[in-house]
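# what would the 3D arrangement of this be:
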Amino acid sequence: MIKVVFDFKNMSDNHFKFTNSLVGLPAFFILFLWIIYWVQIRFDFDFYQNGIYPRDFSGLQGVVFSPFIHENLNHLYNNSIPLIVLFPALQFFYPKQALGVIGYGILFSGLITWFIGRENYHIGASGLIYVLVSFIFFKGIQTRYYRLVALSFAVVLLYGGMIWYVFPDVDQNISWEGHLAGFITGFSMSLLYKVPQYAKPIVYDWQRPDFDPAQDPFMKHFDENGNFINTEVPEAESEIILSYFNSDIPVNYIMTKPKAEDKSL
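Numbers count the residues shown, from 1 in each chain. Sure, this is the predicted structure:
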């Protein structure tokens, strides 16, 4: 009989641990965005000029500052909601890569935007959002680990429609260049960052590393090449042997009866 066994010790789910940072860091990051916007409207600061201005040396400052600057409340709100979902997901499923993806994602997506963008100020955290969506999706597919693949599909379900906003002329009021830069950056980082080889759950006995086919009752019926071997059955235990000849190779079906019980006292 084949037993179903889940070997939790060998599974890599223990890499996924809940920590306070899963709530604290995303909350702090998003709160920081709202504080900057509040300072901007409260004291009438013009932070737009600190955004990315392509191919201008002074516009390079926006590579660092642009994700924290937003045009209006609607712009900030639309960027905050995806970050609430994607930031913790990245931290939970890719804890060792999370800070690198955030930091380098902001840097390289900003630099690409600086190279390819239109001559206008590019602001907002949407480039970072595209980094997260792209990285989580492609990295999950690359690992082939069922939990991370499921996460990739969930990201597609929630944010798959965002792909249209990496193309020009969809909406002239948005920075499609920043979206495209974020998408490219996330994909590139998914190729560069390595994650552990996640072990598949052990379902059957023959998947275990210490499995010995010679000791398994079922495997004894097959040779090393997988060919069926007719085993000898004592006549006392055999009731009937039927041969099946619909193919060139005869297969014997053996029906056995239990040994007679000794009823003597």
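# every contact and neighbour count from this point should use C-alpha atoms.
OK.
# return the helix or strand in the protein with minimum mean pLDDT.
When the helices and strands of the chain are scored by mean pLDDT, DSSP states H and E, strand 238-244 comes last with a mean of 46.
# which strands or helices does the helix or strand harbouring Leu76 pack on?
Element membership for Leu76, per DSSP states H and E: helix 73-93. Judged by 3 or more CA pairs under 8 Å, 6 or more residues apart in numbering; DSSP states H and E, helix 73-93 is in contact with helix 21-42, helix 126-143.
# can you name the element that comes right after that helix?
Following helix 73-93 in sequence, per DSSP H and E, is helix 98-116.
# average model confidence for that next one?
In this model, helix 98-116 has a mean pLDDT of 96.
# in stretch 146-163, what counts as buried?
Within stretch 146-163, the residues scored as buried using 16 or more other CA atoms under 10 Å are Leu148, Val149, Leu151, Ser152, Phe153, Val155, Val156.
# hmm, I was thinking of stretch 38-58
So stretch 38-58, judged by 16+ other CA under 10 Å, has buried residues Gln40, Phe47, Tyr48, Gln49, Asn50, Gly51, Ile52, Tyr53, Pro54, Arg55.
# next step: the residues you listed restricted to strands.
If you go by DSSP state E, the buried residues of stretch 38-58 have nothing in strands.
# for Ile112, state which of those residues is nearest.
Pro54 (9.2 Å; CA to CA).
# my guess is the closest one contacts Asn120. True?
Yes: between Pro54 and Asn120 there is a contact at 7.2 Å, judged by CA atoms under 8 Å.
# tally of neighbours for Asn20?
Neighbour count for Asn20, taken as other CA atoms under 10 Å: 7.
# same question for the one 10 residues further on.
Taking other CA under 10 Å as the criterion, the count of residues near Ile30 is 19.
# now it. Nearest residue, chain neighbours left out?
Ser80 (6.4 Å; CA to CA, 6 or more residues apart in numbering).
# relative to Ile116, how far out is the one you found?
The gap separating Ser80 from Ile116 is 25 Å, by CA to CA, to the nearest Å.
# more crowded one of those two?
Ser80 (20 against 14).
# isn't Leu107 right next to Gln61, touching?
No: using CA under 8 Å, Leu107 makes no contact with Gln61, being 10.6 Å away.
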